[in-house]
Each structure stands twice: as C-alpha cells, then as structure tokens.
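1. Take this sequence and fold it.
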Amino acid sequence: MFSHRKELQYHAMPEAPNPLLAKRLQELIGGQYGELTVMNQYLFQGWNCRGPQKYKDMLLAIGTEEIGHVEMLATMVARLLEGAPVSVQEEAATDPAVGAVMGGMNPQHAIVSGLGATPTNSVGHPWSGYFVTSSGNLMADFRANLNAETNGRLQAVRIWEMTQDPGVKDMLGFLIARDAMHQRQWLAAIAELEADGLEEMVAPGTFPESQQPQAPAFQFIDLSQGGNARDGRWAKGPAPDGKGQFDYVADPAPQGDIPQLGAVDARIHGTRKTALGQMAGQVGAAVKRVVDAK
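-> Prediction:
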C-alpha cells in the first residue's frame, strides 16, 4: 500500500520563472538516469526480491523516496513555467552561444502539458521502461543502481552549475546530497551481500567456475595499440576476489576459425554464393542426373 503526503520531501520553489531551465530539468525526470528510472528500478527490484527481507524493505524504501523526487522536480518545472514571459526566450537568443546551447523553450511544455512537466528527457524523448534493470540477482541489480546514482548525481551537478537561481540550486543541492547517500548505500549493500554469503564479487556466484575455462577468467587481453594498459592494477597481481593472478596478454592471437556459413535455405530467398544463372544450370544438371539414373 502506498500513501501520499501533500508536503514535498524538500523545497521546490524557484526565485523566478525560467522555461529554459525547466527544459533542462526534464533530463532529471525522464532521462536514462533520471528519477523515473531509479524510482521504477528500485520498486521493481523490491517487488521481485526473493532474498532476505532487509534487502526488500531497503529497496522499497528508496524506491518510494524516488517517487517523491519525481514530484519535487515536476513541481519545480511547473513553477519555472508559471508566468514565464516569451521575452526570456528571446533574450537568450540574442547571445548566439547561449541560444545555441539552450536551444529555446521546450515547445511541449506549452503545447502538450500546459506549462507542466512531462515524462520525457530534456529533448522531448519519452521515458522508456528499457532503462530499468531488475534482474532477480541482487548483486547485478545493486551494481546497476550504483551506476544509476553515479550518473544521476553527475547530471544534477552539471545542471546546478548551469543556473544561478538560488531556489533551484537549493533543491538540486538536496538531490545531489541524496544521490551521494544512495551511492554509499549501494556500496554498503554490495559489501553486505558478500558478507552475508549471498553473492560473490564475480556474479552470479551460483555458477560453478569448474564449468568455465580458467585462463580467460584472469587475462587482460590488450587489443589497443600503445601497451600502456599493462601498467594498470587490472593487468597484474592478484585478482580482487583472491581467486587467481591477473595475466597481461599483448598482441593476442585469434583462437577461432574464419567463419564460413552454410547454404541459404531456399524458403528464405537470401543471397546465394552462386549467380542465379549458374544456380539454374546446377539445378538442371542435378535433375538430369536423377532422370538418367532411372
């Protein structure tokens, strides 16, 4: 059961209207790493969780918080659009550099949503459920969550740098702080999965390593010119999980053959290796051989 409170988790009040800033904030709502993504990602991971209850409760707690973050951003977008004069857009266009970067007001805010937020990114592309990761493996999910919070915080910081509105900066500062907490949260959760013996560093830990070749599991294969990658921690010394030693492989040789595909199934009507005339001749010769044999 979900329950909504009218008060926002944190303030979402700009100092002045700014339709161009509203357009940018759409990225934090409906972009790949926006709040709609993490909201759905954490909720579906929680609903699908078959692990210990503490992980399920944690996922549903943070997923529910993210619903509130969507509402905060949607409220901020709507308030940035309230009473925004057309002159704001016109003034920006007088500076070629600024006009090129800003690209003007999002027309959907005026045409589609009636000066409200939309479930889209900053260029109007609709949010997609394909952004959501919910694999059923908590280690895979928590690492995806860490990536989402890292990129989400990066984008919020960049937008924070783009505005001088104290109200918007205040709200973004709060969201940036929560993203910092959530990165720490996922790092702690990843470590706890290992400590609880539920997963290993290399996931999924349920697959028997005896069923895979061992050498490729520790080789850094350098397929880029220069060779500087050999100096990294990933190319020498013990692996982080302590199960083997990294091995640096320079100029790796291919181990497979040159792929040669079989004949095209006639019902597919794909391009064959022989010309159509030659193919007809081959078919005719084959038919003649059958007739002669009879």
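
2. Strands along the stretch 101-250 of the chain, start to end?
-> With DSSP state E, counting those that start in this stretch, the ranges of strands along the stretch 101-250 of the chain come out as 219-222, 247-250.

3. and the last one, what's its mean pLDDT?
-> Over the span of strand 247-250, the pLDDT mean works out to 96.

4. Counting neighbours, which bits of it end up buried?
-> Neighbour-count burial for strand 247-250, counted by 16 or more other CB atoms under 10 Å, picks out Tyr248. In this view, the C-beta of every residue, glycine as well, is placed from N, C-alpha and C.

5. Give the pairing partners of it; include direction for each.
-> Partners of strand 247-250 in the sheet, by DSSP bridges, are strand 219-222 (parallel).

6. Need the contact partners of the strand it pairs with.
-> Taking contacts as CB atoms under 8 Å, 6 or more residues apart in numbering, the residues outside strand 219-222 that touch it are Ala229, Arg230, Gly232, Trp234, Ala235, Phe246, Asp247, Tyr248, Val249, Ala250, Asp251, Pro252.

7. if we can go back for a sec, how about TSV for the strands of the stretch 101-250 of the chain, with distance to Glu194 added?
-> Converted to TSV, those look like this (distance: least, CB to CB, whole Å):
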stretch	distance to Glu194
strand 219-222	23
strand 247-250	24
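
8. Ala110 is nearest to which of the ones you listed?
-> For the strands of the stretch 101-250 of the chain, proximity to Ala110 was assessed by CB to CB; strand 219-222 is nearest, at 52.9 Å.

9. and the closest one, how far from the chain's centre?
-> Shown here is strand 219-222, whose average C-alpha point lies 26 Å from the average C-alpha point of the whole chain (CA atoms, centre = their mean, to the nearest Å).

10. before we move on, what about stretch 238-249?
-> Centroid separation for stretch 238-249 versus its chain: 28 Å, with CA atoms, centre = their mean.

11. what's the span of that stretch, first residue to last?
-> Using CA to CA, to the nearest Å, the gap from the first to the last residue of stretch 238-249 comes to 15 Å.

12. So which bits of it are buried?
-> Residues of stretch 238-249 classed as buried under the neighbour-count rule (16+ other CB under 10 Å) are Ala239, Phe246, Tyr248.

13. buried stuff in stretch 139-156?
-> Per 16+ other CB under 10 Å, stretch 139-156 contains these buried residues: 139, 141-146, 148-149, 151-153, 155-156.

14. any idea which of these is closest to Gly83?
-> Here the nearest of those to Gly83, counting by CB to CB, is Ala156; it sits at 25.3 Å.

15. about what we covered before: which of the strands of the stretch 101-250 of the chain sits closest to Met58?
-> Met58 lies closest to strand 219-222 among those, at 34.7 Å (CB to CB).

16. Tell me the secondary structure at the residue lying closest to Gly152 once chain neighbours are set aside.
-> Leaving aside its sequence neighbours, Gly152 sits nearest to Tyr33 (CB to CB, 6 or more residues apart in numbering; 4.4 Å). Tyr33 falls in the coil class when you classify it by DSSP: H, G, I helix; E, B strand; the rest coil.

17. Counting neighbours, what do you get for Tyr33?
-> One way to gauge burial is a neighbour count; for Tyr33, by other CB atoms under 10 Å, it gives 22.

18. Could you do His109 as well?
-> Considering only other CB under 10 Å, His109 is surrounded by 23 other residues.

19. Contact partners for it?
-> With contact set as CB under 8 Å, 6+ apart, His109 has these partners: Pro19, Ala22, Lys23, Val77, Leu81, Leu115, Gly116, Thr118.

20. Gln41 too?
-> Shown here is Gln41, whose contacts under the criterion CB under 8 Å, 6+ apart are Gly63, Phe131, Val132, Thr133, Ser134, Asp141, Ala144, Asn145, Ala148.

21. how about low-confidence regions in the protein?
-> The model of the chain has pLDDT under 70 over residues 84-103, 278-288, 290-291, 294.

22. Run through who's touching stretch 155-163.
-> Outside stretch 155-163, the residues that touch it by CB under 8 Å, 6+ apart are 18, 21, 24-25, 27-28, 31, 33, 169, 172-173, 175-176, 179.

23. are any of the contacts of His109 buried, and which?
-> Applying a neighbour-count criterion of 16+ other CB under 10 Å, the buried members of the contacts of His109 are Pro19, Ala22, Lys23, Val77, Leu81, Leu115, Thr118.

24. Of those, which belong to helices?
-> Cross-referencing the buried ones among the contacts of His109 with the helices (criterion: DSSP state H) gives Pro19, Ala22, Lys23, Val77, Leu81 as the overlap.
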